[in-house]
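Student: Here is the input, now give the coordinates:
(4 chains)
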Number of protein chains: 2
Amino acid sequence: MDRDKELREVGLRVTVPRLKILRVLEAGARRHFCAEDIYRALLDEGEEINLATVYRVLTQFEAAGLVTRHKFAGTHSSFEIDSGQHHDHIVCVRCGRVDEFVDKTIEARQEEIARRIGYEITDHALYLYGICAKCRVEGEQERIETAPG
Amino acid sequence: MDRDKELREVGLRVTVPRLKILRVLEAGARRHFCAEDIYRALLDEGEEINLATVYRVLTQFEAAGLVTRHKFAGTHSSFEIDSGQHHDHIVCVRCGRVDEFVDKTIEARQEEIARRIGYEITDHALYLYGICAKCRVEGEQERIETAPG
DNA sequence: CTAGTTGCAAATCATTTGCACTTGC
DNA sequence: GCAAGTGCAAATGATTTGCAACTAG
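Tutor: Model prediction:
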């Protein structure tokens, strides 16, 4: 809520661009945004912002621990407000929808595997890609509508 | 061994650049290369090749199922000869070493999670990042050598 | 012969950076 | 006031592409 405070607490000055970007990130409808998404969202609201600033601010937010950066398949980075609790992602390859999940068993196995191979884990990335329920239904309807005969 | 055949079998014409690149990929010392790696390796051997060609050929190899493309943390794509058997990767953040592993439990959990959330998995990426045994030892020695007193 | 390939140079795309100006504290 | 932040335009780095010349089948 109190975004001024949120920024100060992580050691960042409160500036207009940072507040705008933070507002978009916390808006609620979505949790994952690439820099362009945020840039466009603000322009669409009639807010002025520079894309380079969006990139700079997101990088600072990441360094400050406010957001987490993800590299899903494809070209650009995706950012989400850091909820504090680790989780992994499943991404719909049709519509881009992103869902989150946590799995203790997988986490444990990862540690186990790393130990066996002789690594000390510093980080990990687990992305599942697939087709979400909604997209599967839509695909099915299309097939029916365009069916021959 | 018979790279001519290998190329023909996946429907690709046998050309000099493709043979050179395939040779590097199969060389054995390493299994994971980015386009630059292959380009440099060939130049170092005194072979002529164009970087754009390396990129084009790798993309064709991927489409033909000869190689798999990975996006480890960082900027460039990494390619490896497709062994046919799925596996995941653990990457050393110090030296870039890449190890491979397979874990049935993790695979099974992924399917389970996807089903629960309503997705039909098409692909997945699991990358563990850490420090390999060798790099940990080196780091330890350095600390001793530069220790005060 | 001729469609597929290559090399080269120029283009792209996401992201970063230099710099002069502006703003937060 | 002054360091930090911003906008703009130009630079970057990995990868791609247009095109004319070249080769595999």
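Student: Spell out which parts of chain A neighbour DNA strand C.
Tutor: Neighbours of DNA strand C within chain A, by C-beta under 7 Å from any atom of the strand: A:8, A:13-16, A:34-36, A:51-52, A:55-56, A:59, A:75-77. Just so you know, the C-beta spots here come from the backbone N, C-alpha and C atoms, and that holds for glycine as well.
Student: please redo it, this time with the cut-off set to 6 Å
Tutor: A:13-16, A:34-35, A:51-52, A:55-56, A:59, A:75-77 (C-beta under 6 Å from any atom of the strand).
Student: Buried subset of those, written for ChimeraX?
Tutor: Of the residues of chain A next to DNA strand C, the buried ones go into a single ChimeraX selection, burial set by 16 or more other C-beta atoms under 10 Å in any protein chain shown:
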select /A:34,35,77
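Student: could I get the residues of chain A next to DNA strand C as JSON lines with distance to DNA strand D?
Tutor: Below are the residues of chain A next to DNA strand C laid out as JSON lines (distance: C-beta to the nearest atom of the strand, whole Å):
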{"residue": "A:Arg13", "distance to DNA strand D": "4"}
{"residue": "A:Val14", "distance to DNA strand D": "9"}
{"residue": "A:Thr15", "distance to DNA strand D": "3"}
{"residue": "A:Val16", "distance to DNA strand D": "6"}
{"residue": "A:Cys34", "distance to DNA strand D": "15"}
{"residue": "A:Ala35", "distance to DNA strand D": "12"}
{"residue": "A:Leu51", "distance to DNA strand D": "8"}
{"residue": "A:Ala52", "distance to DNA strand D": "4"}
{"residue": "A:Tyr55", "distance to DNA strand D": "9"}
{"residue": "A:Arg56", "distance to DNA strand D": "6"}
{"residue": "A:Thr59", "distance to DNA strand D": "10"}
{"residue": "A:Thr75", "distance to DNA strand D": "9"}
{"residue": "A:His76", "distance to DNA strand D": "11"}
{"residue": "A:Ser77", "distance to DNA strand D": "13"}
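Student: which one of the residues of chain A next to DNA strand C sits closest to B:Ala64?
Tutor: Distance to B:Ala64, by C-beta to C-beta, is smallest for A:Thr75 among the residues of chain A next to DNA strand C, at 23.0 Å.
Student: Now do the SS call for the closest one.
Tutor: Recorded secondary structure, A:Thr75: coil (DSSP: H, G, I helix; E, B strand; the rest coil).
Student: quick one: pLDDT of it?
Tutor: Looking at A:Thr75, its pLDDT reads 86.
Student: measure it to A:Glu100 for me?
Tutor: Noted for A:Thr75: a distance of 22 Å to A:Glu100, by C-beta to C-beta, to the nearest Å.
Student: Around chain B, pick out the residues from chain A.
Tutor: With C-beta under 8 Å from any C-beta of the partner chain as the criterion, chain A comes near chain B at residues A:71, A:73, A:90, A:92-93, A:99, A:101, A:103, A:105-106, A:109-110, A:113-114, A:117-133, A:136.
Student: Okay, and the closest residue to DNA strand D within chain A sits in which element?
Tutor: Nearest residue of chain A to DNA strand D: A:Thr53, at 2.9 Å (C-beta to the nearest atom of the strand). Element membership for A:Thr53, per DSSP states H and E: helix A:51-64.
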